[in-house]
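[1] Model the following, please.
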Amino acid sequence: MKWRLPNIKEKTIPKNFSKWIYLLIFVISFLSYVFFIFIVHNDNDAVFSQFNLIIIFFIITPILFGLSVMGFLYSFFFYDKVDALIFNYYLKNMRINWQIWGQNSINLIDYHYITGIDNVSLKIMRIEGHSPTNPDKVIPISAIRETDSSALFYLFDKILLPMKSKLNMLPSMTILLNTNQEQEVINNALMSYSHLNELNIHQSNITFSNIIPSIDKINDWIDDNSIQNILLINLLFDTENQLQVTEYCCALLFSNDEEILNQSPLKINLFRSINTNLHNLNKDLEYFLDAEQVQREKINQAWTLYLPSPALHNFKATLFDPNSRIKLEPNKFYQLEINLGKLDYSHAWLALSLAAEGIVKEQKGQIIATQNKDSINIMQLSDDTAYAPTKQDNLKSYYPIITCLSSLLLLFCICLTMVFSLEETDSEFLMQIGVFSFIAGLFIIGAIIVGTLYQRSSKEDDFIEMWFEEQDKISNSI
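    Presented below is the predicted three-dimensional model:
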């Protein structure tokens, strides 16, 4: 699946033929059969002298023949109608599949962070104190330079120790340790701290990196169908030299394990994010919001990080558009570079922590937009489950009953005409005609049903192929 939907329109359901058309066809068919009998049996006096043959050849059989032709006419409308209904069914379900794909998520069950500003999220949200204003500044974590103990132990006290109970209830977990510090120093400190404080952290579970991953790493976790418990630790600081960006440290605990989620009081849904660029931002943002990860009316706070001015303008224009159904208040749109100074793509994880804090403070749906080189990442989070679209699991049984009945009526007319056209018949011949008619009828019905089912199966394959071809065209045009 991809975020952009192909521009495929629903097929219009055709209208049935007028009842006068059916009546006209019936009359023409009736008269045509009668004319046929006159031509074929014009020298057969028995046909025109026996009352029972007159009834059969000039009333019963023409009526059955007329009804048969009417049924075949209806079948043209029926197959066009079913073709449109099946196409629209596949289109609807594919769009629902797209929406379900867009609503896939992983849960954040705990988070802790530290910056150089105490209670920074509460201040930015104006719940406590004044919103900090630090544009173009580099804000260090001063506390780690003032502590008498180990700077790392001080940080672990802030971001790991508060989630001890959560960590220790996990049967296993993957630990992603990302920092600008030396691996050996960090690993030794983390293991010593975990041993002293009895944390469920083991060396064998740690994956170390000197590069903090992009926040779209979350999409990889969402697409991994295995049970996952992931502890992400970011440590961005330097006690000896000043960094070029604001320092921060955070620990975020993710899980999709239902057993763990049932025990966790905090369950924040982190939905699939979208990666776009400035050129495609407006259109992609509309697709993203249409997935209804968070209902538009429930988007209550927005966080931006490191966005260039044109992208920031377009993002605001969409969120504050009166026709967008988003009721975001202007004072709940937060540009973190104004509050926290010089930031880079790695601070997206800090933005995620701040948005999670907003949910805990009952601010409901959150949207985050961050920049990483030429890519713009947008994600949503909420403590509510996404609206689940209703999927039509089974296609209605549009079987060609009229076509089958019309075929049987036509077969019956042929057999009836053959039997009563013969001057002499015996019981054995009639039995043969009856058996032949029965077998031929079964064969016709079976052929029609099998052909219909095969046609529908091939239509589904053709539709899926067309869908992904259209998506590829869209991707190649971007």
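[2] what does the model give L108 for pLDDT?
    We have a pLDDT of 96 for L108.
[3] In contact with the nearest residue to it once chain neighbours are set aside, which residues?
    In space, L108 comes closest to I268 once its chain neighbours are excluded; the distance is 4.2 Å by Cβ to Cβ, 6 or more residues apart in numbering. In this view, the C-beta of every residue, glycine as well, is placed from N, C-alpha and C. Neighbour list for I268: 107-109, 356, 359, 381-383 [criterion: Cβ atoms under 8 Å, 6 or more residues apart in numbering].
[4] Could you pull out the strands in the stretch 51-200 of the chain for me?
    Taking DSSP state E, counting those that start in this stretch as the criterion, the stretch 51-200 of the chain carries its strands at 105-115, 174-179.
[5] Direction included, what does the longest one pair up with?
    Translated: strand 105-115. Using DSSP bridges, strand 105-115 pairs in its sheet with strand 248-255 (antiparallel), strand 268-271 (antiparallel).
[6] Next, format those strands as a markdown table and append distance to R4.
    Output for the strands paired with strand 105-115, formatted as a markdown table (distance: least, Cβ to Cβ, whole Å):
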| stretch | distance to R4 |
| --- | --- |
| strand 248-255 | 27 |
| strand 268-271 | 17 |
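[7] of all the ones you listed, which lies closest to S475?
    strand 268-271 (21.3 Å; Cβ to Cβ).
[8] Out of the strands paired with strand 105-115, which gets nearest to P140?
    That would be strand 248-255 among these, by Cβ to Cβ, at 10.1 Å.
[9] would you list the strands paired with strand 105-115 in JSON lines and tack on distance to N314 and mean pLDDT?
    Shown next, in JSON lines, are those (distance: least, Cβ to Cβ, whole Å; pLDDT from 0 to 100):
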{"stretch": "strand 248-255", "distance to N314": "27", "mean pLDDT": "96"}
{"stretch": "strand 268-271", "distance to N314": "21", "mean pLDDT": "96"}
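[10] who wins for proximity to L5 among those?
    Closest approach to L5 among the strands paired with strand 105-115 is made by strand 268-271 (17.2 Å; Cβ to Cβ).
[11] buried ones in the closest one?
    Using 16 or more other Cβ atoms under 10 Å as the test for burial, strand 268-271 gives 268-271.
[12] Check the offset of it from the chain's centre.
    Relative to the centre of its chain, strand 268-271 is centred 15 Å away, using Cα atoms, centre = their mean, to the nearest Å.
[13] Show the subsequent helix or strand relative to it.
    Once strand 268-271 ends, the next helix or strand along the chain (criterion: DSSP states H and E) is strand 274-276.
[14] And that following strand, how far out from the chain middle?
    With Cα atoms, centre = their mean as the basis, strand 274-276 stands 15 Å off its chain's centre.
[15] avg pLDDT for it?
    94.
[16] Can you name every helix or strand that it contacts?
    If you count contacts as 3 or more Cβ pairs under 8 Å, 6 or more residues apart in numbering; DSSP states H and E, strand 274-276 packs onto helix 281-290, strand 375-382.
[17] The longest one vs strand 375-382, what angle?
    To tie it back to what came earlier, the one meant is helix 281-290. Here the directions of helix 281-290 and strand 375-382 differ by 20 degrees (axes from the mean of the first three to the mean of the last three Cα atoms, to 10 degrees).
[18] Domains of the protein: list them as residue ranges, please.
    Here the domain assignment for the chain is 19-101+391-477, 104-382, based on automatic domain parsing.
[19] Out of those, name the one with the poorest average pLDDT.
    Per-segment mean pLDDT for the domains of the chain reaches its minimum on domain 19-101+391-477, at a mean of 76.
[20] Show me the longest helix that occurs in this protein.
    helix 427-477 (DSSP state H).
[21] What is that one packed up against?
    Judged by 3+ Cβ pairs under 8 Å, 6+ apart, helix 427-477 is in contact with helix 61-102, helix 401-421.
[22] buried set for the shortest one?
    In this case it means helix 401-421. For helix 401-421, the buried set under the neighbour-count rule, 16+ other Cβ under 10 Å, comprises 402-404, 406-413, 415-417, 420-421.
[23] Tell me how far it lies from the chain's centre.
    Using Cα atoms, centre = their mean, the offset of helix 401-421 from its chain centre is 50 Å.
[24] can you list contacts of the helix or strand hosting Y33?
    Per DSSP H and E, Y33 falls inside helix 19-40. Under the contact criterion Cβ under 8 Å, 6+ apart, helix 19-40 has outside partners 47, 57-58, 61-63, 65-70, 73-74, 413, 417, 421.
[25] Buried only: go through the residues you listed for me.
    For the contacts of helix 19-40, a neighbour count by 16+ other Cβ under 10 Å gives the buried set as 47, 57-58, 61-63, 65-70, 73-74, 413, 417, 421.
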